[in-house]
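Engineer: A structural model of the following input is requested.
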Amino acid sequence: MYMAFFKNPFFLLLSLCALVLSGVCVWGKPVTFLQDFRVTWSDSHIRQIDNQGTAIQLILDRNSGCGFASKSRYMFGRISMKIKLIAGDSAGTVTAFYMSSDTDAIRDELDFEFLGNRSGQPYTVQTNIYAHGKGGREQRVNLWFDPSAQFHTYTILWNHHHIVFYVDEFPIRVYKNDVARGVAYPRIQGMGVYSTLWEADNWATRGGLEKIDWRKAPFYAYYKDFDIEGCQLPGPTDCASNASNWWEGAAYQALTPTQARLYRWVRVNHIIYDYCQDKPRFPLGPPPECLS
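Structural biologist: Residues are numbered from 1 along each chain as shown. You can find the predicted model right below:
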């Protein structure tokens, strides 16, 4: 019975949502695109598709991609968006959803990058973490569903204990705060929320072997239900250090047993690249954060 439970992610998901005390199925505050975000480039390629400002369409064609960002920065908390990715042949495109300090030498950044595919192949999501100016922490997971068929929720939880990337309620990556061992961790500067849709056929699909088929353009990605809950900057100076913030609570300091099983299921069945396991890149052993 245990093996059946472990192998069936949807049974795990139902069990996860039944764990009310874990709080995983209780998302943050809804915000709207018009009130809380701004277009960062090519406003002609971002369209509002409802009257409430809760859903938008991003467009990529030969002329341009596009991007948007939150009007505020945040320090710790949880952000999520529902995204429906490019349908059909999307090779060479990247749809990104991330948090960034937008600084150079000491950049902190938490990335979701959805790498387009040839029709019929799995969509790949790449995550990366920059901490105090250092990145290069890529992991790639093949999604176990078609993310262009309907909306799915993509979430970043960031607190003093760890950073967790979620696809729906499935944790796909955990990065622990291990500053005591000299591991860099984003904890000194706020980050804004960003998204872009752009051409990256020099690397995005099979290392750049698959190019964009512009005959299929324009390409569309859809966003809705923007949720942000965290310490808004500028704001109360003691907010980020307040242990009473819900995202710092005991239920969010580590994965629950059910979340851990979901996480293991993803890691065993769907991860296709982990920089921690890249021996040619790190011949003397993995970076210290990998030992956490």
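Engineer: any idea how far the nearest residue to residue 163 once chain neighbours are set aside is from residue 244?
Structural biologist: Once flanking residues are discounted, residue 163 sits nearest to residue 175: 4.4 Å by CB to CB, 6 or more residues apart in numbering. In short, each C-beta sits where N, CA and C put it, glycine included. Per CB to CB, to the nearest Å, residue 175 is found 24 Å from residue 244.
Engineer: in three-state terms, label residue 118 for me.
Structural biologist: Following DSSP: H, G, I helix; E, B strand; the rest coil, residue 118 is assigned to coil.
Engineer: for it, report the pLDDT, please.
Structural biologist: Model confidence at residue 118, given as pLDDT, is 91.
Engineer: count of neighbours near it?
Structural biologist: Using other CB atoms under 10 Å, the number of residues around residue 118 comes to 14.
Engineer: try residue 287
Structural biologist: That count, for residue 287 with other CB under 10 Å as the rule, works out to 15.
Engineer: thought it was touching residue 276?
Structural biologist: Yes - here residue 287 reaches residue 276: they are 7.2 Å apart, a contact under CB atoms under 8 Å.
Engineer: coming back round to it: report the contact partners of the residue nearest to residue 163.
Structural biologist: Contacts for residue 175 (CB atoms under 8 Å, 6 or more residues apart in numbering) come out as 129, 137, 162, 163, 164, 185, 289.
Engineer: do residue 121 as well
Structural biologist: Counting by CB under 8 Å, 6+ apart, residue 121 makes contact with nothing.
Engineer: try it again at 10 Å.
Structural biologist: Neighbouring residues of residue 121 by CB atoms under 10 Å, 6 or more residues apart in numbering: 89, 90, 91, 142, 205, 206, 210.
Engineer: so it, which of the three states?
Structural biologist: Residue 121 - assigned by three-state DSSP - is coil.
Engineer: so what sits against both of residue 287 and residue 276?
Structural biologist: With CB under 10 Å, 6+ apart, residue 287 and residue 276 have common neighbours residue 137.
Engineer: could you give the number of residues near the closest residue to residue 142 other than its chain neighbours?
Structural biologist: Nearest non-adjacent residue to residue 142, counting by CB to CB, 6+ apart: residue 122, 4.0 Å away. Using other CB under 10 Å, residue 122 is surrounded by 16 other residues.
Engineer: so, low pLDDT: which residues of the stretch 1-150 of the chain?
Structural biologist: 1-30 (pLDDT under 70).
Engineer: residue boundaries of the helices in it?
Structural biologist: Under the criterion DSSP state H, counting those that start in this stretch, helices of the stretch 1-150 of the chain are mapped to 2-7, 9-18, 33-36.
Engineer: buried subset of the contacts of residue 121?
Structural biologist: 89, 90, 91, 142, 205, 210 (16 or more other CB atoms under 10 Å).
Engineer: tabulate those in CSV, adding columns for distance to residue 222.
Structural biologist: Shown next, in CSV, are these (distance: CB to CB, whole Å):
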residue, distance to residue 222
89, 17
90, 13
91, 19
142, 21
205, 21
210, 23
